[in-house]
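Undergrad: Got a predicted model here, sequence first, then my questions.
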Amino acid sequence: MGTASFDDRRWWRVREARWLSVVALGAALAAFSERDSRAAEPETSSPQRCDADGNCQVLPAAPSGFSLGVERLFGQTWVVRSRDGTDGSIEENFDSFNLFAAQTPHEGYSSPRLAADYLFDFGLTLGGALGYHGVRRDGYSADAWVLAPRAGYFWHFSRWVGLWPRAGLTWLIQHDDGDSSAEDELAVSLELPLVILVAQQRLGLLLEPYVDIGLPGGAVDLDERGVQVGVTVFF
């Protein structure tokens, strides 16, 4: 009876990571729905802004507390990989549309990632994201874990729409059995998600432009920019 190849095992890891992300989001949605079904407390009054004539406008209450989501589910990416060669620096460009973890060639920092943040009442947010994907290029393949701590500010400028600018660091940690040349990467990440709030403003649909700027310090420099779609639940 034959054994699974190394690439087969990696493919199954990618598939498992994708479905674990979906299951985790489903569990969060179920918990939120259960909490709402048990809630019987009356809604608190919303803050108002009044003009000199006494006309008042109800202001939207910004989400606060914990959020749990799945980010970079699908979208367009543009990756530039620069490396040292015998004749100088060699630059490679990878433009692709990724759907979940399916992306060929898969290069860069993006993969479906579980995200958790805490939103303070005054708008400051602190949190991070964790993801996994397989790196593939020209016969080379490796496991890649992504760790991305960040801080941001949630600007709820209308009842159903908000902006969530965030900044942080992204570590791309690679591991390839039998290849010691796999190099970890570090980038400064800037994100500007547009958040569309539905389901009583507790479910956020994210349209996320971003840029990951690779920091120098190795034989490879990796930069990425793109637009991705995600979803998050506010508790």
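TA: Everything's here; your move.
Undergrad: can you give me the strands for this protein?
TA: Under the criterion DSSP state E, strands of the chain are mapped to 48-50, 56-58, 65-85, 88-99, 113-119, 124-137, 140-153, 161-163, 166-175, 185-191, 194-198, 203-214, 220-234.
Undergrad: Enumerate every residue touching R83.
TA: 89-90, 92, 219-221 (C-beta atoms under 8 Å, 6 or more residues apart in numbering). Using the backbone N, CA and C atoms, a C-beta is placed for each residue, glycine as well.
Undergrad: pLDDT score assigned to N93?
TA: N93 carries a pLDDT value of 87.
Undergrad: Could you do L163 as well?
TA: 95.
Undergrad: Make sure it is actually in contact with W155.
TA: Yes - here L163 lies in contact with W155, judged by C-beta atoms under 8 Å, at a distance of 4.6 Å.
Undergrad: quick one: low-confidence ranges for the chain?
TA: Applying pLDDT under 70 to the chain flags residues 1-61, 85-86, 88, 100-106, 136-140, 177-182.
Undergrad: at 90 what do you get?
TA: 1-64, 74, 81-112, 121-122, 132-145, 156-160, 173-185, 199-202, 216-222, 235 (pLDDT under 90).
Undergrad: Count residues in the vicinity of the nearest residue to H175 once chain neighbours are set aside, would you?
TA: Counting by C-beta to C-beta, 6 or more residues apart in numbering, the nearest residue to H175 once its immediate chain neighbours are dropped is D143, at 4.8 Å. Residues within reach of D143, counting by other C-beta atoms under 10 Å, total 18.
Undergrad: Verify the stated contact: D143 with Y132.
TA: Yes - counting by C-beta under 8 Å, Y132 is a contact partner of D143 at 7.4 Å.
Undergrad: Can you verify my assumption that L203 contacts V233?
TA: Yes - using C-beta under 8 Å, L203 is in contact with V233, at 5.9 Å.
Undergrad: Which of these two has more residues huddled nearby?
TA: Higher neighbour count among L203 and V233: V233, with 20 against 17, using other C-beta under 10 Å.
Undergrad: can I assume the more buried one is in contact with Q201?
TA: No - contact criterion C-beta under 8 Å: V233 and Q201 do not qualify, at 11.2 Å.
Undergrad: can you pull the contacts of L190?
TA: Applying C-beta under 8 Å, 6+ apart, the residues near L190 are 165-167, 210-211, 213.
Undergrad: Can you tell me which of those residues is nearest Y118?
TA: Comparing the contacts of L190 against Y118 with C-beta to C-beta picks out R166 as the nearest, at 12.8 Å.
Undergrad: State the distance from that closest one to Y153.
TA: 8 Å (C-beta to C-beta, to the nearest Å).
Undergrad: Overlap in contacts, the two.
TA: With C-beta under 8 Å, 6+ apart as the test, R166 and Y153 both reach T125.
Undergrad: if you count what's nearby, which of the two comes out ahead?
TA: R166 (23 against 15).
Undergrad: beta partners of that one?
TA: G152, E191 (DSSP bridges).
Undergrad: Now for it: which residues touch it?
TA: Applying C-beta under 8 Å, 6+ apart, we find R166 in contact with 125, 150-153, 189-193.
Undergrad: what about 7 Å?
TA: Contacts for R166 (C-beta atoms under 7 Å, 6 or more residues apart in numbering) come out as 150-152, 191.
Undergrad: now those residues: which count as buried?
TA: 150, 152, 191 (16 or more other C-beta atoms under 10 Å).
Undergrad: TSV please, covering these and showing distance to R225.
TA: TSV is the format used below for the buried ones among the contacts of R166 (distance: C-beta to C-beta, whole Å):
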residue	distance to R225
R150	17
G152	18
E191	11
